[in-house]
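[1] need the 3D shape of this:
(chains A and B)
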Amino acid sequence: MTATTVGYREYGRPRWQRILLTREMAIVGLLLLTLLVAGLAIPYFADRLTVYNLLRDMFATLIIALPMALVMITGDIDISVGSMVGLSCSVLGLLFSMGVPFELSMVLVLLMGAAGGLLNGALVAKIGLPALAVTIGTMALFRGIAVGLLGTSTVTGFPQGWTDLTKYEIGYTGIPFIIVVFLVLFAVFVYLLNFTPFGRGIYALGLNSEAAVFSGVNRDRTRIILFVLAGTMSALGGIYWTLLRGTARGDIGDGLELQVIAAVVLGGVSVFGGIGALYGVVAGVLLIGALSSALRLVGVTAEVIKIITGVLLIGSVVAASMITSFQNRRKKVTAAPSQTSVAEPAPSGE
Amino acid sequence: MKYMKTATAFAAAALVLVSACTTPASTTPTTGAPAPEAPSETTPAATEGLRMTILPKNLGNPYFETSTKGAEAAAAEIGATTELVGPTDAAADAQVPYIETATQQKVDAIQISANDQTALCDAIKAAQAAGIKIVTFDSDAPGCRDLFINQATSEGIAKVLVEMAVEQAGGSGEIAVLSATANATNQNAWIEAMKTDLAANHPDIKLVDVVFGDDQDQKSFDETQALLQKYPNLKVIVAPTTVGIAAAARYISTSDAKGKVWVTGLGTPNDMRSFVEDGTVKEFALWNPEDLGYLTTFAAAALVKGEITGAEGDKFTAGKLGEYTVGADNTVLLGDPYRFNAENIADFNF
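    Modelled structure (predicted):
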């Protein structure tokens, strides 16, 4: 082996281990395992309809989880996304019922989502309030307006072409067309986070905010942009939800923020910031969706599904922090003795 | 290596989780007959082992628990299996995942009390496209179901209210109505129909006043007191609202009028039980949710077996309830409201 490989051995594990043995990969593995076991053990799970419904129902969660992951990697959080989904439904319905052309209504709703995100971001970055406090406030604010705007009434009769788009299946594969939209967004967010200085700034802010600022990261601008992205994606989620259900209601997206945050944390993003990868987040969303779908198929009630998701979430967070503290302790222990233990290549697993 | 341990731990957790989740399938409140093991390919035979999903507005609601009891009794007579599923909250689209799950399971029929007329339509249509019969009960989803089992009509309710009032007044004298709000559509329709019926068939009964308790307990209580002071010869108070009847009965039960002024109307057995037992209330009415669930199951079975198509004039037999005919707009009427009194109230818990 060459000198470079030796370098890896000295400071860490082989490359394949560093790629495969991550928290994200653990979630991907858990997802695959869940799919496999559910597919074999649960009647009707391995079915194109299951895939179709699962992906369709998780689409809004998927696209909102992308900016949420970025927000959380900087160490912030946005609790208002579910309410922004509801507000977007209401406003879209209201504009459409007032006779505004539908395409224009959608653009206006997206702009409103961006504006809502800007409000969150400005309060957090410029005024310096904690993101949790700000977005709890806007969560109540957005939901209040959303429900107030439409009251108990509903708006229906959206253009068939658009509502059909949310249901369109690619061939007979069980894959809804909108997943293509998600994949494009996913690619954009991965590029943004992993291949731009802006993305490196996001990680830097989460790891050490002061150090990041001194090394040239524009802290305020970065945080505001991420909140704007979260608001815009939530608005897109609201538009999607309205079209999928064919009806605009202010109570849509209630509790969605918890599902999104749970999936992001489950997917390996640290609640303290600085750590996380988007493929893990996607796996987290799909894992929660697949588990719910499988549990519903075997007739488990909604409360039990919530309990299981909660236990899984806590378990994953506890496991992550235990691993970290274990690693730290090991580092301290191995720091003292000679290089023998460090240079030793990691034995095969189990 | 420790990551390997994590991955294994996750895998083990997933296995435990999924296997733990598959076991409740046998303990869920289905009536006998295990679910077929082989998924998808084999479509279930037409009449052998009919599988139905019962989807009330929410779980843990005594009203729907009673209707499910009736549905399960009917299923046992038919030889069908039922599965009770449902959300814990009554959000507009909370029932959608359950409709989708039933569609994936390729059940024969879904009995649903629709939370929302519009938000469910697409999911219901997808289920129908998969060959599943949809029967709504209690709350309709017009335009997207095969059959609606209507618990009562305005004429039927007005008729039974007048009958009870006339009987309890002894054929002549003064009666008053304690309604909900002044613009409550249902109540106003019933009161109008009552007035017509009284004028035509019971000239000795005089409806002296209609007052409004606004479906608030205290206001209804106060209005009852005012009625008694204003009309000393009053014989019967008819309250066609569950809030009003309970408040009026509570007032009368502790006043001198007890035994002289009778309270009747629409109420639930649990609200009214103590007043029937202490002699304040002789008889009141509501539909019988147990019969509603029973009829719904028979109607769904008749649809699946092809005995009826849901067209007007179709006839089918619903066990102990006898023969029913499908009316206009694919609707089956349960019958006249059910009267609750000291003899039968102990049989009901909702």
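[2] could you use CA atoms for every contact and neighbour count after this?
    Noted.
[3] tell me, how many residues neighbour B:Glu167?
    12 (other Cα atoms under 10 Å in any protein chain shown).
[4] look up how far A:Phe96 lies from it.
    The span separating B:Glu167 from A:Phe96 equals 54 Å under the rule Cα to Cα, to the nearest Å.
[5] now swap in B:Gln168 and tell me
    Applying Cα to Cα, one obtains 54 Å for the distance of B:Gln168 from A:Phe96.
[6] how about B:Gly79?
    Counting by Cα to Cα, the gap between B:Gly79 and A:Phe96 amounts to 49 Å.
[7] swap in A:Ala122?
    Here the distance between A:Ala122 and A:Phe96 works out to 30 Å (Cα to Cα).
[8] so who does residue 237 touch?
    I went with chain A, as the question did not name one. Residues in contact with A:Gly237 (Cα atoms under 8 Å, 6 or more residues apart in numbering or on different chains) are A:Phe59, A:Ala60, A:Thr61, A:Ile63, A:Ile64, A:Val85.
[9] wait, I meant chain B there
    Contacts here follow Cα under 8 Å, 6+ apart; on that basis B:Ile237 touches B:Ala165, B:Ile175, B:Ala176, B:Val177, B:Leu178, B:Ala248, B:Val261, B:Trp262, B:Val263, B:Thr264.
[10] if we use 7 Å, what do you get?
    When contacts are counted by Cα atoms under 7 Å, 6 or more residues apart in numbering or on different chains, B:Ile237 touches B:Ile175, B:Ala176, B:Val177, B:Leu178, B:Trp262, B:Val263, B:Thr264.
[11] next SSE after the host helix or strand of the first one?
    Here B:Ile175 sits within strand B:173-179, counting by DSSP states H and E. Next along the chain after strand B:173-179, taking DSSP H and E as the criterion, comes helix B:185-201.
[12] any buried residues in that following helix, and which?
    By neighbour count on 16 or more other Cα atoms under 10 Å in any protein chain shown, the buried set for helix B:185-201 is B:Gln187, B:Asn188, B:Trp190, B:Ile191, B:Ala193, B:Met194, B:Asp197, B:Leu198.
[13] same check, this time on stretch A:219-233
    With burial defined by 16+ other Cα under 10 Å, the residues of stretch A:219-233 counted as buried are A:219, A:222-233.
[14] quick one, phi psi at residue 311?
    If you meant another chain, say so; for now it's chain A. In this entry, A:Val311 is assigned phi and psi values of phi -60, psi -40 (degrees, to the nearest 10).
[15] please go with chain B instead
    Note on B:Ala311: backbone dihedrals following degrees, to the nearest 10 are phi -80, psi 150.
[16] quick one: it from B:Glu283, how far?
    Separation of B:Ala311 from B:Glu283 (Cα to Cα): 36 Å.
[17] again with B:Ile134
    When distance is defined by Cα to Cα, B:Ile134 is 35 Å away from B:Glu283.
[18] can you check A:Gly299 too?
    In terms of Cα to Cα, A:Gly299 sits 40 Å off from B:Glu283.
[19] which parts of the stretch 101-250 of chain B are strands?
    For the stretch 101-250 of chain B, strands defined by DSSP state E, counting those that start in this stretch occupy the ranges B:109-112, B:133-137, B:147-150, B:173-179, B:205-212, B:234-239.
[20] mean pLDDT per helix and strand in chain B: which one sits at the bottom?
    Considering only helices and strands, the least confidently modelled element of chain B by mean pLDDT, DSSP states H and E is helix B:24-27, at a mean of 35.
[21] what about the very next helix or strand once past it, distance to the chain center?
    Downstream of helix B:24-27, the first helix or strand assigned by DSSP H and E is strand B:51-55. Computed by Cα atoms, centre = their mean, to the nearest Å, the separation of strand B:51-55 from the middle of its chain amounts to 16 Å.
[22] so what secondary structure elements neighbour the very next helix or strand once past strand B:51-55?
    Scanning forward in sequence from strand B:51-55, with DSSP H and E defining helices and strands, the next element found is helix B:62-78. The helices and strands touching helix B:62-78, judged by 3 or more Cα pairs under 7 Å, 6 or more residues apart in numbering or on different chains; DSSP states H and E, are strand B:81-84, helix B:289-305.
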